[in-house]
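Q: coordinates only, sequence not included:
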């Protein structure tokens with residue numbers, strides 16, 4: 001298969017989209033109702049055709065009958081029609097087709113395996129760009145393409161997602177959006193019998209709208225090709241990979257999901273590191289790490305200067321960062337002398353982390369400026385909380401960190417902690433406000449620390 005990026009461009013930004021099948025209730029067609037291009041239907045059921053045309057959508061009985069160049073076909077027809085639809089797409093010179101249709105090799109059934117073999121054989125012979133089968137296909141929220149389940153009003157973050165799982169693709173989109181990151185483009189590729197993860201990875205590497213690439217993979221078909229491309233891409237753009245099937249139970253689930261072969265965790269993690277990419281183990285870590293890479297300047301050290309918590313919180317945050325492989329060093333003598341001029345030990349202390357205790361919150365700007373000037377510190381962290389709501393306290397913290405972000409060459413971040421379900425929304429709101437000012441914010445100590453360490457590892461390898 002020779003990948004034609006021009007055809008993938010057409011598939012990711014189609015001007016003409018055709019949906020084939022989609023019963024019951026022509027779901028896939030209805031999901032494209034806001035698509036910003038020409039939308040056509042292919043159905044053969046007279047009753048369904050009547051409903052579709054009543055909705056104002058032109059229907060044809062074959063892809064071959066559509067009277068203009070087709071950029072993308074979404075196939076939601078029964079499995080038995082899959083081969084005939086593919087032949088029609090090739091005859092109509094369609095740029096690419098996404099097969100939502102499932103029931104192939106992932107079932108273990110002879111009929112499904114045979115039909116998948118035919119699809120691959122026919123597509124390969126025609127060098128046809130087939131996405132899937134058994135997948136949710138392409139998402140381009142900017143033009144309302146795909147089963148959009150997250151807000152698509154923008155602004156969009158320069159992030160591309162490549163995923164074998166359709167559910168994970170949509171969930172990642174939702175989770176990232178709630179964290180202040182609106183995915184620019186995504187693809188769910190399912191069984192990947194023609195176009196595999198390596199092809200999408202290479203495509204995103206050359207996409208000027210994508211700066212960070214996130215992946216969810218269950219396996220790869222060609223390990224040598226994948227590692228070769230991953231090494232090349234990771235040298236240009238950060239690539240963060242969440243590998244599914246890290247347990248024996250997960251391995252079994254993979255075989256019935258996309259039919260991928262399991263890979264030893266140790267071998268996988270080592271290969272990813274050697275290629276200069278970042279391996280993560282959860283969806284939260286994937287989103288957090290993408291956020292860190294988007295907002296941080298290059299991370300050049302592991303020494304962290306921390307302020308904002310009380311005594312117990314200071315201990316917890318020091319432990320949390322240490323567990324991630326980061327250091328909370330003592331400050332310079334000059335920093336301690338300067339801190340002593342405006343902080344007292346009553347209700348707090350000023351080692352590192354700096355226990356602000358009952359100190360007035362308006363001292364935080366001075367504290368962060370001292371930490372920024374300290375040569376013992378590489379990264380700046382402020383612990384704040386959702387329990388205050390949007391009172392003057394978090395507003396001061398947000399403005400403080402935004403100001404430091406503008407002045408400092410060091411990575412700057414915030415942790416917006418919460419203790420109760422009621423505080424969770426306040427944490428999310430405050431995180432978004434921090435990020436509107438360019439300061440990445442995280443809901444827990446551990447998530448912040450892990451994201452920072454992952455970013456440090458990436459830049460250390462890159463040099």
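A: That came through fine. Since this is a predicted model, take the numbers as computed values, not measurements. Numbering: from 1, shown residues only.

Q: quick one: buried residues of stretch 166-180?
A: 166, 168-173, 175-177, 179-180 (16 or more other Cβ atoms under 10 Å). C-beta: built from backbone N, CA, C; applies to glycine.

Q: ok, the closest residue to residue 231 other than its chain neighbours - contacts?
A: Spatial nearest neighbour of residue 231, excluding adjacent residues (Cβ to Cβ, 6 or more residues apart in numbering): residue 275 at 4.2 Å. Counting by Cβ atoms under 8 Å, 6 or more residues apart in numbering, residue 275 makes contact with 227, 230-231, 234.

Q: got it, and residue 292?
A: Applying Cβ under 8 Å, 6+ apart to residue 292 gives the contacts 299, 411, 413, 440, 451-452, 454-455.

Q: Show me how this protein divides into domains.
A: What automatic domain parsing lists as the domains of the chain is 5-131, 137-295, 304-462.

Q: so where's the protein shaky on pLDDT?
A: Scanning the chain for pLDDT under 70 picks out 23-24, 149, 245-263, 310-312, 345-349, 357-358, 386-393.

Q: To what extent is residue 362 buried, counted in neighbours?
A: Using other Cβ atoms under 10 Å, residue 362 has 11 neighbouring residues.

Q: before we move on, the earlier item: give me the subset of the contacts of residue 292 that lies in helices.
A: 451-452, 454-455 (DSSP state H).

Q: Could you work out the most separated pair of the residues you listed?
A: Across those, the longest distance by Cβ to Cβ is 7.3 Å; it joins 452 and 454.

Q: Between those two, which is the more surrounded one?
A: The neighbour count for residue 452 versus residue 454, taken as other Cβ under 10 Å, is higher for residue 452 (28 against 23).

Q: pretty sure that one is touching residue 327, no?
A: No. Taking Cβ atoms under 8 Å as the definition, residue 452 is not a contact partner of residue 327, at 11.5 Å.

Q: Need the overlap of contacts for those two.
A: Common neighbours of residue 452 and residue 327, using Cβ under 8 Å, 6+ apart, are 304, 321.

Q: coming back round to it: whichever of the contacts of residue 275 end up buried, select them in ChimeraX.
A: Buried members of the contacts of residue 275, defined by 16+ other Cβ under 10 Å, are picked up in ChimeraX with:
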select :227,230,234
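
Q: Distance to residue 283 and secondary structure for the contacts of residue 275 - can I get that in CSV?
A: Converted to CSV, those look like this (distance: Cβ to Cβ, whole Å; DSSP: H, G, I helix; E, B strand; the rest coil):
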residue, distance to residue 283, secondary structure
227, 24, helix
230, 20, helix
231, 25, helix
234, 21, helix
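
Q: of all the contacts of residue 275, which comes closest to residue 32?
A: residue 230 (32.4 Å).

Q: Tell me who's in contact with that closest one.
A: 198, 201, 239, 272, 275-277.

Q: how about a cut-off of 10 Å?
A: Applying Cβ atoms under 10 Å, 6 or more residues apart in numbering, we find residue 230 in contact with 197-198, 201-202, 205, 213, 215, 220, 239, 241, 271-272, 274-277.

Q: now residue 134
A: 99-107, 112, 116, 164, 166, 188-193, 257-259.

Q: Please flag which of the residues you listed sit within strands.
A: The strands, defined by DSSP state E, take in 99, 188 from the contacts of residue 134.

Q: count of residues packed around residue 55?
A: For residue 55, the neighbour count with other Cβ under 10 Å is 13.

Q: what do you get for residue 117?
A: 13.

Q: again with residue 437
A: 16.

Q: same deal with residue 4?
A: 13.

Q: how far away is it from residue 453?
A: Applying Cβ to Cβ, to the nearest Å, the value for residue 4 to residue 453 is 39 Å.

Q: And residue 155, by the same measure?
A: Residue 155 sits 28 Å away from residue 453, going by Cβ to Cβ.

Q: ok, these two, which is more surrounded?
A: residue 453 (20 against 6).

Q: which residue packs closest to the more buried one, ignoring adjacent ones?
A: For residue 453, the spatially nearest residue (Cβ to Cβ, 6+ apart) is residue 324, at 4.4 Å.

Q: next one: residue 63
A: Closest to residue 63 by Cβ to Cβ, 6+ apart is residue 88, at 4.2 Å.
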